[in-house]
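In: Predicted model and sequence below, questions to follow.
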Amino acid sequence: MRPEELAIIRADAAAIEQYRRQPLPTTRDVVAVLFRQRWQMLAAFVLVILAVIASGVWVPKYEAHMKIIALRQRSDTMVTSSANAPEQYSNDQVTEEDINSEVELLNSSDLLRKVVLETGLGGVSGSTTDRENEVQIAEAVRKLGRELKIEPLRKSNIISVSYQNRDPTTAEAVLKALAAAYTEKHMEVHRPSGELKFFDKQTEQYKQGLNNAQEKLTDFTKATGVVSAELERDSALQQANTFDTTAKQAQDDLQETEQRVHALQAQLQSIKPRVTTVVRNSDNPQLLQQLKSTLLDLQIKRTALLTRYEPTYPLVQEVNQQITEAKSAISAEESKPIRDESSDANPNYQWVLGELTKAQSDLSGLRARAAAAATAAAKYHATAERLDQSMVTQQNLMQNAKTQEDNYLLYQRKREEARISNALDQGGILNVALAEQPLVPALPKRSPLTVAILALLLAGIFSLTTAFVLDFMDPTFRTPDELAGYLGAPVLAALPRGSE
């Protein structure tokens with residue numbers, strides 16, 4: 001270490017040691033200082049009092065309070081085409097960012113401007129020019145922003161708002177206007193704009209679409225006379241199937257009847273219409289009796305002639321010839337008796353003929369029934385085809401009407417949800433609420449006595465400080481001790497002031 005530095009360190013150590021050896025100031029020294037600086041101290045005291053009077057702090061001010069509690073934002077229903085919207089889960093904890101956002105919203109210029117215009121702070125009126133009015137409004141907004149105390153309370157989700165004014169009614173009115181403007185502003189910021197109007201417009205649009213779809217469906221029903229095309233088509237197909245079955249059955253019966261007619265006709269040709277029922281063979285007794293009587297007469301006549309004539313006599317020969325003929329006639333009559341036959345209608349022929357007649361009559365009826373059933377079946381098939389085409393058109397109209405109805409009900413439900421949400425917001429059921437309503441303060445924030453005591457205390461402290469500072473900065477020596485301490489040598493004699 002150099003000698004110069006060592007000398008400086010020794011001098012500093014000696015000065016410190018000398019300062020430590022100085023005696024502490026006594027009460028007399030303090031009083032002496034105050035006595036010496038009495039006029040300066042009095043001037044400082046009066047100056048502070050005048051400053052307090054000029055600042056207007058002594059005028060009583062009334063402070064109104066309100067508290068806003070911030071809750072977690074209400075979850076809105078998700079807009080979907082489903083009838084039941086999926087559930088949404090949200091955290092109920094309010095973050096510091098949420099609280100700070102609400103504080104900044106309370107401090108926003110447009111919000112304060114609305115409060116200034118509503119309460120008339122700063123003498124804002126419509127009598128001045130636009131430029132002057134805007135300047136007054138801006139100054140009033142700036143002043144209101146300074147005077148408003150908005151601060152979140154620690155470890156809570158409550159925001160404290162206070163405002164001071166010399167008029168208690170004005171203080172309460174400012175906070176009420178601020179609360180109303182803040183509620184409206186909060187709703188505008190946190191709620192989707194135009195939600196109810198959008199859903200209302202969509203509801204009316206789909207209601208008109210539903211009415212148009214129902215009118216088209218009604219016109220289609222009136223034009224076609226079809227109430228339910230699907231049911232009528234199924235009924236027509238059922239009738240068509242019934243008549244198809246009837247026509248097929250009639251055709252089968254017709255073929256069977258034709259085959260039966262052919263069989264009966266063939267059988268009828270092989271059967272005689274009549275049959276012999278009784279056959280009787282008998283002789284002719286009268287003829288035989290007559291022939292035998294004639295033969296007997298001829299034999300008697302031959303005997304009589306033989307008595308008179310020879311057998312070769314012609315008359316005898318002639319009687320013999322007659323006897324021979326009589327015998328031949330009798331023999332012939334006996335060998336050929338009389339035949340008596342009786343006949344009657346053949347029952348088999350009659351049955352076959354009756355069955356043939358019945359089958360022929362059934363044949364014409366079956367032909368007519370088969371033709372009628374086929375015609376009816378074709379008619380119902382055509383009706384079913386027409387109803388099938390009508391069913392496609394009707395189903396499209398009904399599907400369109402159903403779609404319009406579903407959309408109308410969906411948007412009607414969403415519109416009701418939006419209306420309820422807006423009603424809740426307008427009724428104060430927000431994610432923020434006034435935990436403490438602003439009231440007209442009855443007592444000033446500081447009483448005049450408190451202000452006077454504080455002013456006197458401030459003036460006293462300032463005057464005392466001024467006195468000690470001025471005395472410390474005074475370069476004159478006021479006591480022998482000061483001179484001895486400065487010179488480092490004892491003072492041998494001192495003359496009091498005014499002793500010459």
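Out: Ah, there it is.

In: Ile150 looks like it's in a helix, true?
Out: No: counting by DSSP: H, G, I helix; E, B strand; the rest coil, one finds Ile150 to be strand, located in no helix.

In: My understanding was that it contacts Tyr163; is that so?
Out: No: using Cβ atoms under 8 Å, Ile150 is not in contact with Tyr163; the gap is 9.5 Å. No exception for glycine: its C-beta is placed from N, CA and C like everyone else's.

In: More neighbours: those two, which one.
Out: Neighbours around Ile150 and Tyr163, counted as other Cβ atoms under 10 Å, are more numerous at Tyr163. The numbers are 24 against 18.

In: What strand or helix carries Asp471?
Out: In this structure, Asp471 is located in helix 448-473 according to DSSP states H and E.

In: Could you list the buried residues of that helix?
Out: Across helix 448-473, burial judged by 16 or more other Cβ atoms under 10 Å covers 451, 455, 459, 462-464, 466-467, 471.

In: Off-centre distance for it?
Out: Offset of helix 448-473 from its chain centre (Cα atoms, centre = their mean, to the nearest Å): 75 Å.

In: State the mean pLDDT of that helix.
Out: The pLDDT scores in helix 448-473 average 78.

In: same for it, what does it pack against?
Out: Packed against helix 448-473 by the contact rule (3 or more Cβ pairs under 8 Å, 6 or more residues apart in numbering; DSSP states H and E) you find helix 27-36, helix 38-55.

In: can you give me the strands in the stretch 301-450 of the chain?
Out: 338-345, 432-436 (DSSP state E, counting those that start in this stretch).

In: For the ones you listed, which has the smallest mean pLDDT value?
Out: strand 338-345 (a mean of 64).

In: Show me what the helix ranked longest in the chain is packed against.
Out: Ordering each helix of the chain by length in residues (DSSP state H) puts helix 347-426 first. In this structure, helix 347-426 makes packing contacts with helix 195-224, helix 229-269, judged by 3+ Cβ pairs under 8 Å, 6+ apart.

In: again, only using 10 Å
Out: helix 168-190, helix 195-224, helix 229-269, strand 274-282 (3 or more Cβ pairs under 10 Å, 6 or more residues apart in numbering; DSSP states H and E).

In: Ok, which of these comes nearest Tyr313?
Out: Closest approach to Tyr313 among the helices and strands packed on helix 347-426 (Cβ to Cβ): strand 274-282, 41.2 Å.

In: Let's see the pLDDT reported for the residue located most distally from the centre of the chain.
Out: Seen from the C-alpha centroid of the chain, the residue lying at the greatest distance (Cα atoms, centre = their mean) is Arg308, 157.4 Å away. We have a pLDDT of 79 for Arg308.

In: on that earlier part again, identify the contacts common to Ile150 and Tyr163.
Out: Leu178 (Cβ atoms under 10 Å, 6 or more residues apart in numbering).

In: All the strands of the stretch 1-150 of the chain, in order from the start?
Out: With DSSP E, counting those that start in this stretch as the criterion, the stretch 1-150 of the chain has strands at 62-70, 149-152.

In: which one of these has the lowest average pLDDT?
Out: When I compare the strands of the stretch 1-150 of the chain, strand 62-70 is least confident, with a mean of 85.

In: Pull the distance from that one to the chain's centre.
Out: From the chain centre to the centre of strand 62-70 is a distance of 42 Å (Cα atoms, centre = their mean).

In: for that strand, packing partners?
Out: helix 96-106, strand 149-152, strand 158-165, helix 168-190, strand 432-436.

In: With distance to Ala140 added, can I get those in TSV?
Out: Formatted as TSV, the helices and strands packed on strand 62-70 follow (distance: least, Cβ to Cβ, whole Å):
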stretch	distance to Ala140
helix 96-106	17
strand 149-152	17
strand 158-165	13
helix 168-190	11
strand 432-436	24
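
In: Ok, which of these comes nearest Arg386?
Out: Among these, if distance is taken as Cβ to Cβ, the winner is helix 168-190, at 60.0 Å.

In: So for that closest one, what gets flagged as buried?
Out: 168, 170-179, 181-183, 185-187, 190.

In: just to revisit the earlier point, ranking the helices and strands packed on helix 448-473 by mean pLDDT, which is last?
Out: Minimum mean pLDDT among the helices and strands packed on helix 448-473: helix 27-36, a mean of 71.

In: can you tell me how far Leu457 sits from Trp39?
Out: 21 Å (Cβ to Cβ, to the nearest Å).

In: that older thread, could you identify which of the helices and strands packed on helix 448-473 is most buried?
Out: helix 38-55 (a mean of 15; mean count of other Cβ atoms under 10 Å).

In: so where's the stretch 151-300 of the chain uncertain?
Out: 190-194, 275-284 (pLDDT under 70).

In: Recalculate using a threshold of 90.
Out: 151-159, 163-300 (pLDDT under 90).

In: which residues touch stretch 317-331?
Out: With Cβ under 10 Å, 6+ apart, stretch 317-331 has contacts from 287-288, 290-306, 309-311, 313.

In: again with stretch 42-54
Out: By Cβ under 10 Å, 6+ apart, stretch 42-54 touches 37, 57-59, 451-452, 454-467, 469-470.

In: again, 8 Å this time
Out: Stretch 42-54 has contacts (Cβ atoms under 8 Å, 6 or more residues apart in numbering) with 58, 451, 455-456, 458-460, 462-463, 466-467.

In: Look up phi and psi at the residue farthest from the centre of the chain.
Out: Main-chain torsions, Arg308, degrees, to the nearest 10: phi -110, psi -30.

In: mind exporting the host helix or strand of Gln299 as PDB, just the C-alpha atoms?
Out: Assigned by DSSP H and E, Gln299 belongs to helix 285-306. The C-alpha coordinates for helix 285-306 follow below in PDB (Å, rounded to 0.1, in the frame of the first residue of the first chain):
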ATOM      1  CA  PRO A 285    -155.400-119.800 -78.000                       C
ATOM      2  CA  GLN A 286    -158.300-118.500 -80.200                       C
ATOM      3  CA  LEU A 287    -156.400-119.100 -83.400                       C
ATOM      4  CA  LEU A 288    -155.300-122.600 -82.300                       C
ATOM      5  CA  GLN A 289    -158.800-123.300 -81.200                       C
ATOM      6  CA  GLN A 290    -160.200-122.200 -84.600                       C
ATOM      7  CA  LEU A 291    -157.500-124.100 -86.500                       C
ATOM      8  CA  LYS A 292    -158.200-127.200 -84.400                       C
ATOM      9  CA  SER A 293    -161.900-126.900 -85.000                       C
ATOM     10  CA  THR A 294    -161.400-126.500 -88.700                       C
ATOM     11  CA  LEU A 295    -159.100-129.500 -88.700                       C
ATOM     12  CA  LEU A 296    -161.800-131.500 -86.900                       C
ATOM     13  CA  ASP A 297    -164.500-130.400 -89.300                       C
ATOM     14  CA  LEU A 298    -162.200-131.400 -92.300                       C
ATOM     15  CA  GLN A 299    -161.500-134.800 -90.700                       C
ATOM     16  CA  ILE A 300    -165.200-135.400 -90.200                       C
ATOM     17  CA  LYS A 301    -165.900-134.300 -93.800                       C
ATOM     18  CA  ARG A 302    -163.100-136.700 -95.000                       C
ATOM     19  CA  THR A 303    -164.600-139.600 -93.100                       C
ATOM     20  CA  ALA A 304    -168.000-138.800 -94.500                       C
ATOM     21  CA  LEU A 305    -166.600-138.700 -98.100                       C
ATOM     22  CA  LEU A 306    -164.700-141.900 -97.600                       C
END
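
In: Thanks again, I'm all set now.
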